[in-house]
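**Q** just a sequence and a predicted model for now, questions to come.
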Amino acid sequence: MLDFARVTYHPTIGYIRINSFTNYGSLADLQAAWDVVTTQLAGEDSIIVDVRANAGGDDLAAATAASRFTEMAFLGLEREARVVSTLNPECAFNYTPLHSLCIFPETPNLTNRRVIVLTSAGTVSAAAIFVLFMKTIPRHSITVIGETTQGIFV
C-alpha cells in the first residue's frame, strides 16, 4: 500500500508512492506504517506524494495520510448521498445524514516542507479525496501536478 524512498539524484527529496487506500490491516497498522515513512523522510526538504493509478479505498486511510502533512485540524469534507427509492425512482429526494470528516494533525509529520502531489486519470475514489484533503490543508507549499482525477466519490 505504501512505498517510500529518497530520490537518488537529489538527496533532499523524498518520494512516497501510495498504491491504494486499502489492505492496510488495522488503523494502528496504518499509523505505524506512516510513523516509519515520516521518520525516515524527516530530513528531506521536499516530498513527492504519488497517487497516480490509485484506485482508492477507505476515506479514513486517506485522512490518515493527509494528517501527516498538516499542523492544524481542518474540515476535510462534508457529504451526503442521495437515496434512490426502488419503489419510486422518480422521487429520489431522500438523502443520508450529513457525514463530516475532520483531519487532525499526527506526529511524526512532514509539515514545513514543500509537497508535490502527482495525480492521473487513474486517481480514483479515496485517492481523489486524498487530493482534495491535500488541497484543503491550510498551507501554501502543497502543489498538485498531473491529470484531473476521476473523482467518483461514493
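**A** Sure, I can see it.

**Q** next, S100: secondary structure please.
**A** What DSSP: H, G, I helix; E, B strand; the rest coil gives for S100 is strand.

**Q** enumerate every residue touching the closest residue to T12 other than its chain neighbours.
**A** Distance criterion C-beta to C-beta, 6 or more residues apart in numbering; nearest residue to T12, sequence neighbours excluded, is D45 at 4.2 Å. Where you see a C-beta, it was placed from the backbone N, CA and C, and this is true even at glycine. By C-beta atoms under 8 Å, 6 or more residues apart in numbering, D45 lies in contact with T12, I13, R113, R114.

**Q** and E78, how far from L98?
**A** With the distance defined as C-beta to C-beta, to the nearest Å, E78 ends up 6 Å from L98.

**Q** quick check: the closest residue to T123 other than its chain neighbours vs N54, distance?
**A** Using C-beta to C-beta, 6+ apart and skipping the chain neighbours, the partner closest in space to T123 is T149 (4.0 Å). Separation of T149 from N54 (C-beta to C-beta): 9 Å.

**Q** between these two, tell me which one has more neighbours.
**A** Taking other C-beta atoms under 10 Å, T149 and N54 do not tie; N54 has more neighbours (27 against 24).
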